[in-house]
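Engineer: Compute the structure for the input listed below.
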Amino acid sequence: MQIRPENHSTPRSRSFFSSAALLIGLCVIAFFLASPGTISARATTALPPDTESPAADTQADFERRLRTLEAEVAELKRLLAANTAAAPTASPAGSRVASPAPSEGKTVPPPGYEAPDRVAPASQVNIDTPGPAAVAAQKGLDFLRDTTINLSLDGYYEYNFNAPVGRVNLLRAYDVLSNNFNLNQASLIFDHEPDVTAGRRFGARLDLQYGQATDTLQGNPANEPRPAIYRNIFQAYGTYVANVGRGLTIDFGKWGSSLGIEGNYTKDQMNYSRSFYFDFLPFYHMGVRVTYPVSDRLSLNYWLVNGTNQVEATNGYKDELFGFTAKPTKSVTWVMNYYLGQEHPDRTPSAPTNPLPVQSGLTFTAITPAPDGLLHILDSYVTWQATPKFSFALEGDYAIQRLWRTQAPGRSSAPSHVAGTAAYARYEFSKRFATAARAEYLSDRGNLFSGVHQALKETTATFDYKLSEGFLMRYEWRRDFSNQPSFLTSTQGVLSKKQNTATLGLIWWWGGKEGVW
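Structural biologist: Below you'll find the model as predicted:
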């Protein structure tokens, strides 16, 4: 860290000017003293007429003083020359510079003469280099300055008018319980972003998460062989910006999926509850991804990952994503993603049979032959900031999956489909008040999402009241409905085609990270 020097003279410059001034003064004195007649005349005039003239004593005293002045002038000249030679460049910290050798022909001072006090030039001052403790402390300060530590707390109370058995809201991602005071999620984020302009091409991010939403993200053993190991780590990845063209950003680790317009942190969403598509599309991936900005308006994305919602792969196939983000105008952003994967496991957990020690949960039995059907997801969404207060968003998704790639006896290649759209709108009355709405349609053909062949629909109205930056109260009314009985009621075993909920969400957040988390 560089500190701008204050606008004061340095010790070297003060010594230089003081020496020069003293030299000029002594030269003037020497000039007047250099005329013996004048001094003798003054001395003679000052004596009484009847007093014997001490000319010899006066002459001897004058010569002694003159030699002393010549010695002092010579010493000042030497100091002045030393300061002048050292002034153009500063010596490295911690170095010692030897004094210049005495000039030839230097006047020898008389016996008893003591040289005046010397102020050592700055080049002769030993400035010790910082010790290990100081260096470590400075590095720690630089790290904290460039790293944001952010926290959020998200809780809610929701009432389901179906009064469902067990107070469970079916087909909800995060707001899963009714008639409860709920902790949706408590999050802690460490973010150390790269800064190429400052010469730092490395970065990292860690998101720790606790609460109900954690179980939604990491709670399915069908996708995650050992979810408990990674359950509280929502994101953990390192970043490197390679010096390629405009900068190639490379991430390795686990990150939240960008399939679908909605994300994990409630404060950054238009509504409190999440859409059906958020619940259906992947939550996270583990692998490597690269992003390259072709221009200020277009960037390309590529992923190579273990699978959907998989830190540890369930098969040997590596999924891929090809996508781009375009900004045709300042107010419009368009994201397009194509995801290709294989989500069928090639083994099943089993009791330990190997005599060698292994980690818990790492004993499997192979599935032979393993299904090899592929998953294709086409995901696209666009946002339009029509005015500073009015914004719209539209999302469209199509997914198709087969158990087997080709038809054979006992092997079905019949596809399962999910297709539909979601529309969003938000209006901000002021910095404190805003309202938003969402309408959604999802066609689940082949039981790929809900386990029921049905057409799901929902409408949501949300009202925001932000008491201050970092504290948001969100009120929401939502109606889910389907063409098939799909939602719990107060009677065990009896399903309804609809469910209505009213929700109050409370969201706190604080930290140095600005914008969307």
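
Engineer: When you work out contacts or count neighbours from here on, use the C-alpha atoms and nothing else.
Structural biologist: Noted.

Engineer: okay but Asp154 is in contact with Gln185, surely?
Structural biologist: Yes: applying Cα atoms under 8 Å as the test, Asp154 and Gln185 come out as touching, 5.3 Å apart.

Engineer: ok, for Ala399, nearest residue in space, not its chain neighbours?
Structural biologist: Leaving out its chain neighbours, the residue that sits closest to Ala399 by Cα to Cα, 6 or more residues apart in numbering is Ile377, at 4.4 Å.

Engineer: The strand or helix carrying that neighbour - contacts with which helices or strands?
Structural biologist: Assessed by DSSP states H and E, Ile377 sits inside strand 375-385. Using 3 or more Cα pairs under 8 Å, 6 or more residues apart in numbering; DSSP states H and E as the contact test, the elements touching strand 375-385 are strand 332-341, strand 390-401.

Engineer: can you pull the buried residues of the last one?
Structural biologist: So the one you mean is strand 390-401. 391-401 (16 or more other Cα atoms under 10 Å).

Engineer: Repeat that for stretch 223-233.
Structural biologist: By neighbour count on 16+ other Cα under 10 Å, the buried set for stretch 223-233 is 223-227, 230-233.

Engineer: In strands only, show me these.
Structural biologist: Ile233 (DSSP state E).

Engineer: Format the buried residues of stretch 223-233 as CSV; extra columns: distance to Ala439 and pLDDT.
Structural biologist: Conversion of those to CSV gives the following (distance: Cα to Cα, whole Å; pLDDT from 0 to 100):
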residue, distance to Ala439, pLDDT
Asn223, 29, 84
Glu224, 31, 86
Pro225, 35, 83
Arg226, 36, 88
Pro227, 33, 88
Tyr230, 34, 92
Arg231, 31, 91
Asn232, 31, 95
Ile233, 31, 96
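
Engineer: I'd like to know which of the buried residues of stretch 223-233 is nearest to Met336.
Structural biologist: Distance to Met336 across the buried residues of stretch 223-233 (Cα to Cα) is lowest for Asn223, with 24.9 Å.

Engineer: The closest one contacts Thr314, correct?
Structural biologist: Yes: with contact defined as Cα under 8 Å, Asn223 and Thr314 form a contacting pair (7.2 Å).

Engineer: Other residues contacting the longest strand seen in the chain?
Structural biologist: What stands out as the longest strand in the chain, according to DSSP E, is strand 454-468. The contact list for strand 454-468 (Cα atoms under 8 Å, 6 or more residues apart in numbering) reads 270-272, 431-445, 447, 472-484.

Engineer: State the distance from Ser413 to Leu183.
Structural biologist: 42 Å (Cα to Cα, to the nearest Å).

Engineer: Doesn't Ala71 belong to a helix?
Structural biologist: Yes: following the definition DSSP: H, G, I helix; E, B strand; the rest coil, Ala71 is counted among the residues of a helix.

Engineer: For it, the count of nearby residues, please.
Structural biologist: Look at Ala71: counted by other Cα atoms under 10 Å, it has 19 neighbours.

Engineer: So it versus Phe62, what's the distance?
Structural biologist: As defined by Cα to Cα, Ala71 lies at a distance of 14 Å from Phe62.

Engineer: Can you mark which positions in stretch 136-149 are buried?
Structural biologist: When neighbours are counted by 16+ other Cα under 10 Å, the buried residues of stretch 136-149 are found to be 147-148.

Engineer: And the helix or strand following the longest strand of the chain, what does it pack against?
Structural biologist: Moving toward the C-terminus from strand 454-468, the first helix or strand encountered (DSSP H and E) is strand 471-482. Secondary structure elements in contact with strand 471-482, counted by 3+ Cα pairs under 8 Å, 6+ apart, are strand 454-468, strand 498-510.

Engineer: Tabulate those strands in CSV, adding columns for mean neighbour count and distance to Leu79.
Structural biologist: Shown next, in CSV, are those (neighbours: other Cα atoms under 10 Å; distance: least, Cα to Cα, whole Å):
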stretch, mean neighbour count, distance to Leu79
strand 454-468, 19, 65
strand 498-510, 19, 60
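
Engineer: Out of those, flag the one nearest Trp255.
Structural biologist: Trp255 sits nearest to strand 498-510 of all the helices and strands packed on strand 471-482, at 20.4 Å, using Cα to Cα.

Engineer: Thank you kindly, that will do.
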